[in-house]
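**Student:** based on what follows, work out the 3D shape:
(chains A and B)
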Amino acid sequence: MIDCDIHNEIGDVEEFLSYVSSAQRRWFRGQHQLGLPGYPWAHPHSFYRDELEAGPGGEPASRVDLVQREVLDAYEVDAGLLTGDVGVAVSLMPNPYRAAEFARAHNDWLADRWLDAEPRLRGSILVPAQDPAAAAAEIERLAGDPRFAAVLLVGGSERPYGEPRYLPILQAAAGAGLPVAIHSGGEGMGISPAAGGAGYPSFYIEWHTLGSGGSIMAHLVSLLCHGTFDRVPGLKVLMMEGGLAWLPGIMWRLDTNWRGLRAEVPWVTRPPSEVLREHVRFTTQPLEHTDGNDALLWQMLEAVGAPDILCFASDYPHWDFDPPDRMLARLPAEWRQRVMHDNAAKLFAGRLALREAA
Amino acid sequence: MSRAWHDVASVDQLHRDGVVIARAGGREIGVMLDEHSGRPVAIRNRCPHMGAPLCKGTIRSRETGTPGSYGLETDRRVLHCPWHGWEFDLDSGA
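**Tutor:** All right, here's what the predicted structure looks like:
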């Protein structure tokens, strides 16, 4: 089984800061949350599962042995992708130079402190998307490092990722043979506009219902409308934690609009849903709880390419995680092998240290 | 499961540990102490949503309110699942 979304926390801040250049360490130490923007509201109770063991700094998942025990060993995970946690908001920092330094330090800290310690874990490369040239340079710096399996972008952004300004990031990732993972979150943080296009939501529950899915929808439609997968040969995108039940509706709408509005984007030469099936994958968590209508959900997702477009993710240690054993039991039997393992093994193309060939 | 009394722990033990896990009728049952009322409650240790160990959750007064105002029902106690936060009323189980 492959878990595509395991969050690991910065527990020991001073340990992390030792990877920041000495010239910038004082600045990062003095900022709230290391200078990373945050939400104006936290989860009303806790962002984390209650029963997990707290590591240094009081947060769960902040030591390798906790991740080993609570996810990798507990659920017999063959390989997992680490996606950090608050660090993903680096692209939403107003200061692009600090952001570049944070991303570089985070990548070196991840490789040293996590990836060297546990071969089942692979890392995602954090990049400062507000400065695409710097982001591409960071990808190129780490392209040859087999401990990294993806480039990580955040849902919140200044413009959707199909915009040409982001091409250097996508080209560097594809050039390195790395998929680009776009993880929901950060909508309305820092330099990102609020989720949903209707102004700032009042509650965390609104963001969790709409914001995370909304940014993923926007990036998906943007990438497809800009013809990105033709512009960047070899590009693969993994959409993370944006929900799935909306996907058939959006793709039906986009395919229909393409028939009528094709002249606006004449470089899109095929129905967008065809391009999606070839180049875009989606993590499962949080798979909508359907109140007994799972059969409907499977049928709708099949219409847009499931099970081949789905990759399992647990989202450990967050409060809304999907336990692998429950997901396995819930999925249609003929989907299980592909969703829990094969699709991700193929996507990460040999970057995971799997015990046996996929 | 048959309706019968099961001896799971002493009151002292419950006060010391806060929660006692027992097996009855093939099910894992947690007996928790609600510190607010001092009352012990028995709960199946498995959330109906995704199977979380419910007894690792927290017992709290239920948040209430009308649009724009927040309140707390101090005598209505709910168990919050440790994973996804689903709430279960300690009196009704709902």
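**Student:** poorly predicted segments of chain A, please.
**Tutor:** Along chain A, segments meeting pLDDT under 70 span A:355-358.
**Student:** could you rerun that using 50?
**Tutor:** Chain A contains residues with pLDDT under 50 at A:357-358.
**Student:** break down it into its strands, ranges please.
**Tutor:** With DSSP state E, the ranges of strands along chain A come out as A:2-6, A:79-82, A:121-126, A:148-154, A:180-183, A:237-240, A:280-283, A:310-311.
**Student:** make CSV out of those and add distance to A:Thr290 and mean neighbour count.
**Tutor:** All C-beta spots, glycine's among them, are computed from the backbone N, C-alpha and C. Below are the strands of chain A laid out as CSV (distance: least, C-beta to C-beta, whole Å; neighbours: other C-beta atoms under 10 Å in any protein chain shown):
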stretch, distance to A:Thr290, mean neighbour count
strand A:2-6, 21, 27
strand A:79-82, 26, 26
strand A:121-126, 30, 27
strand A:148-154, 28, 27
strand A:180-183, 23, 28
strand A:237-240, 20, 28
strand A:280-283, 17, 26
strand A:310-311, 15, 27
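**Student:** just give me the neighbour total for residue 24.
**Tutor:** Looking at chain A here, since you left the chain open. Residues lying near A:Gln24 (other C-beta atoms under 10 Å in any protein chain shown) number 16.
**Student:** try chain B instead
**Tutor:** For B:Ala24, using other C-beta under 10 Å, the count is 15.
**Student:** and the gap between it and B:Asp12?
**Tutor:** Applying C-beta to C-beta, to the nearest Å, the value for B:Ala24 to B:Asp12 is 21 Å.
**Student:** what about residue 10, neighbour count?
**Tutor:** Picking chain A for this. For A:Ile10, the count of nearby residues is 23 (other C-beta under 10 Å).
**Student:** actually chain B
**Tutor:** 10.
**Student:** tally up the residues packed near A:Ala303, please.
**Tutor:** 12.
**Student:** same thing with A:Pro233?
**Tutor:** 9.
**Student:** likewise for B:Arg44?
**Tutor:** 16.
**Student:** if it is in a bridge, with which residues?
**Tutor:** B:Ile29 (DSSP bridges).
**Student:** excluding chain neighbours, what is closest to residue 51?
**Tutor:** Picked chain A for this. In space, and not counting its chain neighbours, A:Glu51 is closest to B:Lys56: 3.7 Å by C-beta to C-beta, 6 or more residues apart in numbering or on different chains.
**Student:** can you look at chain B instead?
**Tutor:** According to C-beta to C-beta, 6+ apart, the nearest residue to B:Gly51 is A:Arg326 (5.8 Å).
**Student:** again, but for B:Ile43
**Tutor:** Per C-beta to C-beta, 6+ apart, closest to B:Ile43 is B:Gly30, 5.2 Å.
**Student:** so what's the residue count around that neighbour?
**Tutor:** What B:Gly30 shows, counting by other C-beta under 10 Å, is a neighbour count of 21.
**Student:** can you pull the contacts of it?
**Tutor:** B:Gly30 makes contacts with B:19-22, B:42-45, B:54-55, as judged by C-beta atoms under 8 Å, 6 or more residues apart in numbering or on different chains.
**Student:** need the pLDDT of it.
**Tutor:** Note on B:Gly30: pLDDT of 92.
**Student:** how close does it get to B:Arg3?
**Tutor:** For B:Gly30 relative to B:Arg3 (C-beta to C-beta), the value is 19 Å.
**Student:** how close does A:Asp65 get to B:Gly71?
**Tutor:** In terms of C-beta to C-beta, A:Asp65 sits 43 Å off from B:Gly71.
**Student:** can you tell me which of the contacts of B:Gly30 lies closest to chain A?
**Tutor:** B:Cys55 (9.3 Å; C-beta to the nearest C-beta).
**Student:** shouldn't the closest one be in contact with B:Val19?
**Tutor:** Yes: with contact defined as C-beta atoms under 8 Å, B:Cys55 counts as touching B:Val19 (5.1 Å).
**Student:** higher neighbour count, the two?
**Tutor:** Under the criterion of other C-beta under 10 Å, the comparison of B:Cys55 against B:Val19 puts B:Cys55 first, with 24 against 17.
**Student:** specify the local secondary structure of the more buried one.
**Tutor:** Three-state assignment for B:Cys55 (DSSP: H, G, I helix; E, B strand; the rest coil): helix.
**Student:** grab the nearest non-local neighbour of it.
**Tutor:** According to C-beta to C-beta, 6+ apart, the nearest residue to B:Cys55 is B:Gly30 (3.1 Å).
**Student:** most centrally placed residue in the chain?
**Tutor:** Let's take chain A. Per C-alpha atoms, centre = their mean, the C-alpha nearest to the average position across chain A is that of A:His183, at 2.7 Å.
**Student:** switch to chain B, please.
**Tutor:** B:Leu79 (4.7 Å).
**Student:** which phi and psi does that residue have?
**Tutor:** phi -100, psi 130 (degrees, to the nearest 10).
**Student:** what's the separation between it and chain A?
**Tutor:** 11 Å (C-beta to the nearest C-beta, to the nearest Å).
**Student:** okay, helices next: where are they in the stretch 101-250 of chain A?
**Tutor:** A:132-142, A:167-175, A:204-206, A:212-225, A:228-231, A:247-261 (DSSP state H, counting those that start in this stretch).
**Student:** those helices into TSV, with extra columns for mean neighbour count and distance to chain B?
**Tutor:** Shown next, in TSV, are the helices of the stretch 101-250 of chain A (neighbours: other C-beta atoms under 10 Å in any protein chain shown; distance: least, C-beta to the nearest C-beta, whole Å):
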stretch	mean neighbour count	distance to chain B
helix A:132-142	20	34
helix A:167-175	22	33
helix A:204-206	14	11
helix A:212-225	23	15
helix A:228-231	18	35
helix A:247-261	16	22
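**Student:** so can I have TSV of those showing distance to A:Glu118?
**Tutor:** Below are the helices of the stretch 101-250 of chain A laid out as TSV (distance: least, C-beta to C-beta, whole Å):
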stretch	distance to A:Glu118
helix A:132-142	18
helix A:167-175	24
helix A:204-206	32
helix A:212-225	28
helix A:228-231	33
helix A:247-261	33
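**Student:** right, so of those helices, which gets closest to A:Asp322?
**Tutor:** helix A:212-225 (14.4 Å; C-beta to C-beta).
**Student:** same for the closest one, what does it pack against?
**Tutor:** strand A:237-240, helix A:247-261, helix A:272-279 (3 or more C-beta pairs under 8 Å, 6 or more residues apart in numbering or on different chains; DSSP states H and E).
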